[in-house]
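Engineer: Provided below for reference: sequence and predicted model.
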Protein chains: 2
Amino acid sequence: MTRFGKHLDKSLKDLAYEPVWNVIHESKIDPHDIDIAFVGNAYGGLITGQESMRGQVVMREAGITRIPIINVENACASGSTAFYLAHRAVASGQVELALAVGVEKLFCDDTGRSLKALATSADMEIEGHMGILFAGIYAMRVRTHMERYGLTREQLAKVAVKNHDHGALNPHSQYRNRVTLEEVLNSRMIADPITLQMTCPLGDGGAALLIGTEEMTKRMGKRPVKIGSTVLGSFGFTRENEPGVTVRVSKKAYEEAGVTPQDIQVAEVHDAVAPVELFLYEELGFCGPGESGRMIDEGATWLGGKLPVNTSGGLTAKGHPAGATGLAQVAEIVWQMRGEAGERQINPPPNTGLVENGGGNVAGETAVVAVHILLGK
Amino acid sequence: MTRFGKHLDKSLKDLAYEPVWNVIHESKIDPHDIDIAFVGNAYGGLITGQESMRGQVVMREAGITRIPIINVENACASGSTAFYLAHRAVASGQVELALAVGVEKLFCDDTGRSLKALATSADMEIEGHMGILFAGIYAMRVRTHMERYGLTREQLAKVAVKNHDHGALNPHSQYRNRVTLEEVLNSRMIADPITLQMTCPLGDGGAALLIGTEEMTKRMGKRPVKIGSTVLGSFGFTRENEPGVTVRVSKKAYEEAGVTPQDIQVAEVHDAVAPVELFLYEELGFCGPGESGRMIDEGATWLGGKLPVNTSGGLTAKGHPAGATGLAQVAEIVWQMRGEAGERQINPPPNTGLVENGGGNVAGETAVVAVHILLGK
């Protein structure tokens, strides 16, 4: 992956070129062995003007042509969707080697345009007409959870402190500064109770992964990580006590991988605003309903805790170039499993990891949720 | 599929709803049996403002939620890409029933916006900076072919006459008028030698297909058509005498289906401007290089000829709502194979059919080409 950040000098092509060639060099494969490429991007049309053919244009720049190139868009889960399809293509025996690329350019000369682009990940005739933005949608969810389970503002803020602590150790992270609890709580209110320091920044970046058969990976220059499961699901018209999309999707991912939440030793989850990470602990089964506040208080998800979450810095600190996020999350787990995570390395390296990546909001729920389980050895 | 045309009163949601529910009713399946949906759309972001989450938004309107919904974009081959992925998901044993949807809204209150959207299917930093539009790109290819093989303007025009003749018989066609050779030749010059009557219209429309396992199709209300092969390929840096993308992709499609060009009894091909249909006869192996002019002169590809091409009216007459086109092409072949093509029915119904759908232009070549082969019985 590229470092996430404000790359005004880099085009969408540049942001894809770097991770694609990094992964090709690192794995020592012949690029002609790549059978298919899936390119995830969400907002490049509105930001760069390349509405159509984004994958073809960036792949041509990287010298990857002739093979099927498929543009996929699933909002902030676009990268995970590329990963899901690439994995399915290999696992089902269709191809031997698939490339998944996620890339996003959110910075441009007009921040208003960037924010408008992001707002299109909800139903423009419903949320769009209400004029509600994602921070507002998240704020409503957080408040409901606070009222139901007594989560405190300090607990919400602790997630931001943790993720900035982790990001400070990650050279790919957009923010590398640490923040204190007071700084998070006292930063500008964005959508009560979400403060500025709890939100992820706008970011540019790219990430790429190669997924191959066992046979193919034997030829690679790096120890492969096994994919236990990749599951994708959508919002539904959930009834009052029915499990939401994240619960449904993660349950299936655990089943397909043959593991339980208690087996997970590292996780990257979609903290588009830091407090959401708390619900995710509950929805992913890392703790029971209403227990996430205690989990962050006890330090369980900090580096050094029993289940470090977002060791990369998460979306809050590492940044969130939408289409790239899902693949960058997988990259972090891969690095942790290989013992290549540098200053933020979990020791001993974890063997069972989880990625959760969400995208969009339709009919009052996260529109797309992807959960992947990776197995180190 | 919907009738293609100018549907100013219909939204992207409406244009998807109609074909999705038509195919569900017709096949008599329980919509809850659908395991995955691929939604192809190219320009809906720029035309409707729904840049992200288009598939989720239109599927929600149709009542299809919870399952994986994946937005795919491959310019004018977006529908074929949805079909390719849906077929692969079923054929590889991942799922039992997949839905492929293609939908496009090109008409809006500003035709300039529609044309600008279409222009984004080339590299915006190359073709975009040159200011060249698709009619110009096609015109250059047609002129090269005319010079090399002596194709005449009358031969180019005959394709438009044929496809309007066919479209006049198709209730789903945007244009249902016939045109004479003189009318085509004397209509306004768009990009020499392409005249107005040789070009496809702007259009709105939607199409949907269900792809199921053999077991699943036994429960369906309509006789299924077997998919012999689905192949997708991209442009490459072709050398002077190297076969282009359409030749490469179609060769693979014939091989995978175990048929030859001589076995094809009906074809729907991508006549975005009518003259292109002639090269496609050659590239798809329906005739030898330079023989397509004679083929149209002899009437071989007219209804009643030995290989009717674009019995639906093709893009030239039926219309070309980009994301919907690939699936509408498959629908035409399915109807012909089932003997349900009404006034334009080939008798006896064909058993071996081909679909060719192209999209975009990158590095001087069609960016994406999809070829599918269908087997009636």
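Structural biologist: Alright, I've got the coordinates.

Engineer: C-alpha from now on. contacts and neighbour counts both.
Structural biologist: Fine.

Engineer: contacting residues around residue A:51?
Structural biologist: Going by Cα atoms under 8 Å, 6 or more residues apart in numbering or on different chains, residue A:51 touches A:44, A:45, B:42, B:43, B:45, B:46, B:117, B:120, B:121.

Engineer: hmm, try it at 7 Å
Structural biologist: A:44, A:45, B:120 (Cα atoms under 7 Å, 6 or more residues apart in numbering or on different chains).

Engineer: swap in residue A:67?
Structural biologist: Per Cα under 7 Å, 6+ apart, neighbours of residue A:67: A:35, A:36, B:233, B:234.

Engineer: can you count the residues close to the closest residue to the last one other than its chain neighbours?
Structural biologist: Taking Cα to Cα, 6 or more residues apart in numbering or on different chains as the measure, residue B:234 lies nearest to residue A:66, with 4.2 Å between them; neighbours along the chain are not counted. Counted by other Cα atoms under 10 Å in any protein chain shown, the residues lying close to residue A:66 total 25.

Engineer: Report the secondary structure element holding residue A:66.
Structural biologist: Assigned by DSSP states H and E, residue A:66 belongs to no helix or strand.

Engineer: Go ahead and confirm it touches residue B:236.
Structural biologist: Yes - contact criterion Cα atoms under 7 Å: residue A:66 and residue B:236 qualify, at 5.0 Å.

Engineer: Most neighbours among the contacts of residue A:51, please name it.
Structural biologist: Neighbour counts for the contacts of residue A:51 (other Cα under 10 Å) peak at residue B:120, which has 24 neighbours.

Engineer: ok, back up a step: need the contact list for the residue nearest to residue B:234.
Structural biologist: Per Cα under 7 Å, 6+ apart, neighbours of residue A:66: B:233, B:234, B:235, B:236.

Engineer: next one: residue A:122
Structural biologist: A:128, A:360, A:361, A:362, B:53.

Engineer: Among those, name the ones in strands.
Structural biologist: A:360, A:361, A:362 (DSSP state E).

Engineer: which of these are close to chain B?
Structural biologist: For chain B, the contacts drawn from the ones in strands among the contacts of residue A:122 by Cα under 7 Å from any Cα of the partner chain are A:360, A:362.

Engineer: hmm, back to that, any idea which of the contacts of residue A:122 is closest to residue A:200?
Structural biologist: residue A:360 (15.2 Å; Cα to Cα).

Engineer: Where does the stretch 1-150 of chain A get nearest to chain B, residue-wise?
Structural biologist: residue A:66 (4.2 Å; Cα to the nearest Cα).

Engineer: hang on, the earlier thing: nearest to residue B:2 among the contacts of residue A:122?
Structural biologist: With Cα to Cα as the yardstick, the closest approach to residue B:2 among the contacts of residue A:122 comes from residue B:53, at 21.8 Å.

Engineer: Could you check how many residues crowd around the nearest residue to the closest one once chain neighbours are set aside?
Structural biologist: Nearest in space to residue B:53, with sequence neighbours left out and distances taken as Cα to Cα, 6+ apart, is residue A:121 at 5.5 Å. Per other Cα under 10 Å, the neighbour tally for residue A:121 reads 30.

Engineer: Pretty sure residue A:121 sits against residue B:55.
Structural biologist: No - when contacts are counted by Cα under 7 Å, residue A:121 is not listed as touching residue B:55 (10.9 Å).

Engineer: Residue A:2 and residue A:299, how far apart?
Structural biologist: From residue A:2 across to residue A:299, the span is 29 Å (Cα to Cα, to the nearest Å).

Engineer: Specify which residue of the two has the higher count of neighbours.
Structural biologist: residue A:2 (23 against 17).

Engineer: That one in helix, strand or coil?
Structural biologist: coil (DSSP: H, G, I helix; E, B strand; the rest coil).

Engineer: residue contacts, it?
Structural biologist: A:18, A:19, A:172, A:205, A:206, A:207.

Engineer: likewise residue A:170?
Structural biologist: A:312, A:344.

Engineer: sorry, back to before: quick check: phi and psi at the residue of the stretch 1-150 of chain A closest to chain B.
Structural biologist: phi 70, psi -50 (degrees, to the nearest 10).

Engineer: buried sites along stretch A:117-137?
Structural biologist: A:117-124, A:127-128, A:133-137 (16 or more other Cα atoms under 10 Å in any protein chain shown).

Engineer: whoops, I mixed them up, stretch A:246-256
Structural biologist: In stretch A:246-256, counting by 16+ other Cα under 10 Å, buried: A:246, A:247, A:248, A:249, A:250, A:251, A:252, A:253, A:254.

Engineer: Give the buried subset of the contacts of residue A:2 as a ChimeraX selection command.
Structural biologist: A single ChimeraX command suffices to select whichever of those are buried according to 16+ other Cα under 10 Å:
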select /A:18,19,172,205,206,207
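
Engineer: Just to be sure, which of the contacts of residue A:2 are found in helices?
Structural biologist: A:18, A:19 (DSSP state H).

Engineer: Make TSV out of the contacts of residue A:2 and add distance to chain B and pLDDT.
Structural biologist: As requested, those are exported to TSV (distance: Cα to the nearest Cα, whole Å; pLDDT from 0 to 100):
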residue	distance to chain B	pLDDT
A:18	19	98
A:19	21	98
A:172	27	98
A:205	18	98
A:206	18	98
A:207	19	98
